[in-house]
Every structure is written in structure tokens, then in C-alpha cells.
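[1] give me coordinates for this.
(one chain, ligands or ions: 2)
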Amino acid sequence: MTLIPVLDLAEEDKGLALKLGAAFRDIGFVALVNHGVPQATIDTLYRSAHAFFDLPPEVKRQVARPRPDQNRGYIAYGEETLARLSGRETPPDHKEIFSIGPFDVPKEPYYQAPAAYPSFAPNLWPTVPPTLQPAMRAYWHAVTALARRVLGISALALGLPADYFAPFTDRHISMLRLICYPPYESAPVDGQLRAGIHTDLNMLTFVHADSDMGGLEVRTRDGTWARPATAGAYIVNVGDILMRWTNDLWVSTPHRVANPPTGWQQRRLSVPFFFQANYDTTVECLPSCRPADRRPKYPPISVGAYRAERFARTAS
Ligand SMILES: O=C(O)CCC(=O)C(=O)O
Ligand SMILES: [Fe+2]
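    Ligands and ions are numbered 1, 2, ... in the order given. Sure thing, here's the model as predicted:
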């Protein structure tokens, strides 16, 4: 039995919608093949990411994250502990990160208003390697196109018109991360993982990774850990905001990045794209998810307010 269903995007959206809806209800994850993101765009991104993470720490720190509430720039080893998102204290994740958000946004009040912060905080582009910025820009555009297709299929799966989410995502505040999971120099300390158990806060996440050794693991409903084969495929999962939007019909499933076998000497790179709706989108139970006899589980909330609330709870 395959626990994470594999969907072939060469098929028609209507048929895919049935499979996607079932997977997002049951496990909250799918693997996508024939996804349309050009292999050359992916390869160039990995090459640039390797070159960046190979740099000495002091060079990477030239683009260090300016403030803890901004997901921008270089986040060094020791600075992120994903298990904290659900209130667990663990050693830090064994990883380092380079992160960007939207770029080339118009100089208009929508993007500069106080409510826009930190969704449109400026990016910090490294000058070395020079290929990194163009590679990330090209990848962002390609993976955004994939996200738009999956959003359309998601809307169909929810009994909504294919373009339902378009007005809520036309100024999306997504984040693209390059994550480097280095080999362990000494054995992991008790409770340490490459990334601790967490759920994603955003709408839909699209993960591509260059290796499954010490890779992604997904908690199934019976508490066991499933290991999707990421090689070449996109692993797409429902995040907390989409779970809330669907009134918990679709699940935002806990996952983690496991430690590799003892002595494993290779780094793993992953490039998660955290697709998130416009900051001023009101997330309230979708019409097709409204229970007939009861009130929706959650009051309406804006994407920006939701983020601020979750951040405040985990930052202390
Ligand atoms: O590296 C991966 O495969 C997934 C990472 C992840 O789940 C996250 O950063 O939210
Ligand atoms: Fe995640």
C-alpha cells in the first residue's frame, strides 16, 4: 500500500481532483510527477545552492536574516527549532537555510502599508555565487505556475470553480527556502533531528529534495512514519491555513526530517516553496465545507493576523 498517493499531472485536472481531494482528506500529502517544472531550472538551483552553502560562515552571514520575524536571508545552524511551533522544546534542527519572499513588487501602498509587514520585507541577495539570484527567481516563477495549477485542482476537489482561489492569491506572500542538512560531525544529541516534528503554517507546500537519505517523514493517522520518495517528484502538503479554510476537512499533517544513518557523509538539499495566500485574505470556512447543522469550527481571520498570532506564540 502506498501511503502517499502519487499523482500524474499529465492527466486531466477533473480526474486528478478526485484523487487529490481523497489524499488531502486522508493524509494531507501527495507526490506529483510530470509536474512541469523544467529539470534544468531545478538543477541550476541545486548547483547554486551547493555553491552558497559551501561558502565560509562569515561570508554567508553577510546576508544574515535581519530580524527574527523576517524570513529573509541566511539563517545559520542553531537558529531554528521547528518543534517549537507546536510547543515542544528540542535541540535545534540540524540545518542551515537561505530564504526569500516575493520580489519585484510594485511600489504601491498595498505592499508598503504596516499590515504588509513582514510579508514584503526586502530580500537579501548574496553576490556569491552570482548564479544564485537568477536561479531562485527562475525557480520561483516555475514553482508558482505549478502551485497555481494545483490550486485549481484543489478548488475542483472542494466542489468550487477552478479559479476560486485566484483573487485570494494574486498577491501571494509565499516563501522559497533553500535548506542544507549537513552531515553530522558527531552523533546527534538526544532529541535532535534534521528538522523537528511540525506542521506548516501556510496554505500548500511544494517540496523538492535531492536525496531521501535522512529525508522527509510523514506521520500517518495510526502514528507510524511514512517516507515519501521525493526523488524527482514534488511532495505537496496541506498547511494549517488551508486546513482551517476547509474546516478541518483537509489535514495539515505533522512531518519531520529524519537523521541519516550513522556515518552518512552527504548533505541533503531541499527547496521547499511555502505557498501562502494574500496577507489580507479572510480565511473563513469555504462554502462547500460548511457543516449543515453546525457552525464552522473557527471564526474568520486574515492570513496576516493568523501569522502574527502563531509567530507570537512561538517566538518567546
Ligand atoms: O526538507 C524537507 O524535506 C521538508 C522540510 C520541511 O518540512 C519544512 O521546512 O517545513
Ligand atoms: Fe514542513
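[2] around ligand 1, which positions in this protein sit nearby?
    179, 195, 200, 207, 209, 216, 255, 257, 270, 272 (CB under 6 Å from any ligand atom). The C-beta positions use only the backbone N, C-alpha and C, and glycine is treated the same way.
[3] quick one, what contacts residue 65?
    71, 72, 73, 74, 75, 79, 99, 124 (CB atoms under 8 Å, 6 or more residues apart in numbering).
[4] output the below-cut-off pLDDT ranges for the protein.
    Counting by pLDDT under 70, the ranges of the chain that qualify are 1-2, 314-316.
[5] that one: helices as residue ranges?
    Ranges of helices within the chain are 13-26, 39-53, 57-60, 109-112, 132-157, 166-169, 240-245, 303-315, based on DSSP state H.
[6] for the longest one, name the packing helices and strands.
    It stands for helix 132-157. For helix 132-157, the elements it packs on are helix 13-26, helix 39-53, strand 96-100, helix 166-169, strand 175-181, strand 204-207, strand 273-275, judged by 3 or more CB pairs under 8 Å, 6 or more residues apart in numbering; DSSP states H and E.
[7] pick the most deeply packed of the helices of the chain.
    helix 240-245 (a mean of 23; mean count of other CB atoms under 10 Å).
[8] in strands only, show me the contacts of residue 65.
    73, 74, 75, 99 (DSSP state E).
[9] identify, from those, the entry nearest to residue 3.
    residue 99 (29.4 Å; CB to CB).
[10] quick one: that closest one from ligand 1, how far?
    Per CB to the nearest ligand atom, to the nearest Å, residue 99 is found 10 Å from ligand 1.
[11] what's around that residue, how many residues?
    20 (other CB atoms under 10 Å).
[12] is it true that it touches residue 66?
    No. Checked against CB atoms under 8 Å, the pair residue 99 and residue 66 is beyond contact range at 11.5 Å.
[13] find residues that contact each of the two.
    Taking CB under 8 Å, 6+ apart as the contact rule, residue 99 and residue 66 both touch 72, 73.
[14] residue contacts, the residue of the stretch 1-150 of the chain found nearest ligand 1?
    Distance from ligand 1 to each residue of the stretch 1-150 of the chain (CB to the nearest ligand atom) is smallest for residue 82, at 6.4 Å. By CB under 8 Å, 6+ apart, the residues touching residue 82 are 93, 195, 196, 197, 198, 256.
[15] alright, that wraps it up for me.
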